[in-house]
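Q: Sequence first, then the predicted structure, then my questions.
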Amino acid sequence: MNVLHIDEQTGWRGGEQQAHYLIAGLARHGHCNFLAGRRGSPFLAHGDPNAVRIEAPFAGELDLRTAWKLARAIRRLDIDIIHAHTSHAHTHACLARILAGRGRVVVSRRVDFEPKRNAFNRWKYRMPDRIVAISERIGEVLRAFGVMPPQLVVVHSAIDPARFDVAPLSRAELGVPEGVPL
């Protein structure tokens, strides 16, 4: 399966880290990952150095130039899944799929505030094939907005347990004397 991951952010935060955990896991299972983001962004800099990266301007949420560039990549790379990892990427993914005429859109939602109730957001949240809420609370917020199963699924965020596989510090290293509760 060919998956295009879209993240237009200029920094590296939890969402970008989670996306890269997913990308690494998909690669281990034999899926091909392609990354789309802003030139020089940490999202494009991380991960498999051999992965195809697509640089686009992402000049606002309704940037048709970016959507067209993504649509061409979707057709050229035979993309099956277009995974949007941010709110603006959500819009770009939906527009690119319309222009490409192919692909299934998956959106990850990581924030627990309700989308603004306007015509644009009603369209935007009807368009994806799946919206993945990373917690039950975010799922509740989206259901209150009108997103329902089967379009909405809750998949909890993952962690890399290897990050916590470290040698413990001694009491002396922590400055905690013997006999003192720790």
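A: Right, received. Where do you want to start?

Q: residue contacts, the residue lying farthest from the centre of the chain?
A: What lies farthest from the middle of the chain is residue 179; by Cα atoms, centre = their mean that is 47.1 Å. Shown in contact with residue 179 (Cβ atoms under 8 Å, 6 or more residues apart in numbering): no residues. Just so you know, the C-beta spots here come from the backbone N, C-alpha and C atoms, and that holds for glycine as well.

Q: how far away is it from residue 169?
A: Per Cβ to Cβ, to the nearest Å, residue 179 is found 18 Å from residue 169.

Q: Show me the helices in this protein, by range?
A: Taking DSSP state H, the helices of the chain run over residues 14-28, 42-45, 64-76, 87-100, 119-126, 136-145, 171-174.

Q: Summarise which helices and strands the fifth one is packed against.
A: Under the contact criterion of 3 or more Cβ pairs under 8 Å, 6 or more residues apart in numbering; DSSP states H and E, the helices and strands touching helix 119-126 comprise helix 87-100, helix 136-145.

Q: Quick one: residues in contact with it.
A: The contact list for helix 119-126 (Cβ under 8 Å, 6+ apart) reads 90-91, 94, 115, 131, 142, 145-147.

Q: go again using 10 Å as the cut-off
A: The set of residues external to helix 119-126 that reach it, using Cβ atoms under 10 Å, 6 or more residues apart in numbering, is 61-62, 87, 90-91, 94-95, 107, 109, 114-116, 118, 131, 142, 145-147, 151-152.

Q: what does stretch 156-168 give?
A: By Cβ under 10 Å, 6+ apart, the surrounding residues in contact with stretch 156-168 are 14-15, 17-18, 20-22, 24-25, 108, 110, 132-136, 174.

Q: Whichever of the residues you listed end up buried, select them in ChimeraX.
A: What follows is the ChimeraX syntax selecting those of these that are buried according to 16 or more other Cβ atoms under 10 Å:
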select :15,17,18,20,22,108,110,132,133,134
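
Q: what's around residue 99, how many residues?
A: Residues contacting residue 99 under the criterion other Cβ atoms under 10 Å number 17.

Q: Actually, residue 120.
A: With neighbours defined by other Cβ under 10 Å, the count for residue 120 comes to 12.
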